[in-house]
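A.B. asks: Have a look; sequence and predicted model below, questions after that.
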Amino acid sequence: MAQAAKMPPNNLNKGFFTDLSRQQKIGVVILLLFSLLIIVFWFIQLRQNILYAPYGDIAIKQLNQVPVVNNSANLTLDTDKDGLTDIEEMTVYKTSPYLSDSDGDGFDDRTEVNNKTNPNCPEGQDCIQTGIYNSSSATTEPQTITSATIPTNITSPSLPSTQAAVLQQAFGATPDVAVLRQTLLLGATDEDKAVLNSLSDAQLLQLYNQMINGQSDPAAQ
């Protein structure tokens, strides 16, 4: 019996990628980076919801700062050895990644989180309107982008609605572009970083908006 001819998968993949325009290739690379981010934030949020939900309504806010890392392994870095990763301390609890006891009350941050007390408020004080629980403290002034500055020749594949929702929850509808770029670089390879760094802030913001809104550039269709 003659065997059916098989298409070499590598040739098929190379042909597919070769047929894409440069703008579409950029969109695919950025989609891969955003997908990695979604997985990271989903894991952090899931861990938070299961283990660390003492305050009822603590969502992952926009990042005011991100740690300087060279690879995705550093996402598990715990500089102060308090049991919370640096990413969790900076993005979820707004505690210091360099001090195991951020509020200096004798209890380390992980212990306070587990005990459902505020790791940014010394025991016996009322800090309900300060630290990580003041939503205004977790927001930054978004960059102003006008329609005239956004190019129309960058295209991006759309994300499933559930993934787009996670992405929007992590960065908001009008993200800080510098924070968005820095966070994408956390899990990027050298090649992905080169592509990412070649994009202007306006182009990166346009790609982000296309993904969370489930839209693509009409010119690419």
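C.D. replies: Everything's here; your move.

A.B. asks: Spit out the contact partners of T79.
C.D. replies: Contacts for T79 (CB atoms under 8 Å, 6 or more residues apart in numbering) come out as 86, 97-98. (C-beta placed from N, C-alpha, C; glycine too.)

A.B. asks: Could you dump those residues into TSV with neighbour count, secondary structure and pLDDT added?
C.D. replies: Shown next, in TSV, are these (neighbours: other CB atoms under 10 Å; DSSP: H, G, I helix; E, B strand; the rest coil; pLDDT from 0 to 100):
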residue	neighbour count	secondary structure	pLDDT
D86	21	helix	80
P97	22	coil	82
Y98	10	coil	83
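
A.B. asks: nearest to Q206, of these?
C.D. replies: Comparing the contacts of T79 against Q206 with CB to CB picks out D86 as the nearest, at 30.3 Å.

A.B. asks: Can you tell me which of the contacts of T79 is nearest Y208?
C.D. replies: D86 (24.0 Å).

A.B. asks: If you drop the residues flanking it in sequence, what lies closest to D80?
C.D. replies: Distances taken as CB to CB, 6 or more residues apart in numbering place S100 nearest to D80, at 4.4 Å, with adjacent residues excluded.

A.B. asks: And for that neighbour, the neighbour number?
C.D. replies: By the other CB atoms under 10 Å criterion, the neighbourhood of S100 contains 19 residues.

A.B. asks: Could you check which helix or strand contains it?
C.D. replies: According to DSSP states H and E, S100 maps onto no helix or strand at all.

A.B. asks: what sits against it?
C.D. replies: So S100 contacts 80-82, 108-109 (CB under 8 Å, 6+ apart).

A.B. asks: Got the domain ranges for the chain?
C.D. replies: 25-48+143-220, 65-139 (automatic domain parsing).

A.B. asks: Out of the ones you listed, point me to the one whose mean pLDDT is lowest.
C.D. replies: Of all the domains of the chain, domain 25-48+143-220 carries the lowest average pLDDT, namely a mean of 64.

A.B. asks: what about stretch 87-98, start to end distance?
C.D. replies: End-to-end distance for stretch 87-98, by CA to CA, to the nearest Å: 12 Å.

A.B. asks: Tell me the buried residues in that stretch?
C.D. replies: Residues 87-97 are the ones in stretch 87-98 that count as buried (16 or more other CB atoms under 10 Å).

A.B. asks: Kindly report the same for stretch 171-191.
C.D. replies: 171-172, 174-177, 179-188.

A.B. asks: could I get that stretch in PDB with only the CA atoms?
C.D. replies: Output of stretch 171-191 as PDB, limited to C-alpha atoms (Å, rounded to 0.1, in the frame of the first residue of the first chain):
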ATOM      1  CA  PHE A 171      -3.000  47.300  32.000                       C
ATOM      2  CA  GLY A 172      -6.300  49.100  31.600                       C
ATOM      3  CA  ALA A 173      -7.900  50.700  28.600                       C
ATOM      4  CA  THR A 174      -5.300  53.500  28.400                       C
ATOM      5  CA  PRO A 175      -2.000  51.900  29.500                       C
ATOM      6  CA  ASP A 176       1.200  53.700  30.300                       C
ATOM      7  CA  VAL A 177       3.200  52.900  27.100                       C
ATOM      8  CA  ALA A 178       6.600  52.900  28.900                       C
ATOM      9  CA  VAL A 179       5.300  50.400  31.500                       C
ATOM     10  CA  LEU A 180       3.700  48.300  28.700                       C
ATOM     11  CA  ARG A 181       7.000  48.200  26.800                       C
ATOM     12  CA  GLN A 182       9.100  47.300  29.900                       C
ATOM     13  CA  THR A 183       6.800  44.500  30.900                       C
ATOM     14  CA  LEU A 184       6.800  43.000  27.400                       C
ATOM     15  CA  LEU A 185      10.600  42.900  27.500                       C
ATOM     16  CA  LEU A 186      10.500  40.700  30.600                       C
ATOM     17  CA  GLY A 187       9.800  37.600  28.700                       C
ATOM     18  CA  ALA A 188      11.200  38.500  25.300                       C
ATOM     19  CA  THR A 189      14.000  36.800  23.400                       C
ATOM     20  CA  ASP A 190      16.700  38.900  21.800                       C
ATOM     21  CA  GLU A 191      14.900  38.700  18.500                       C
END
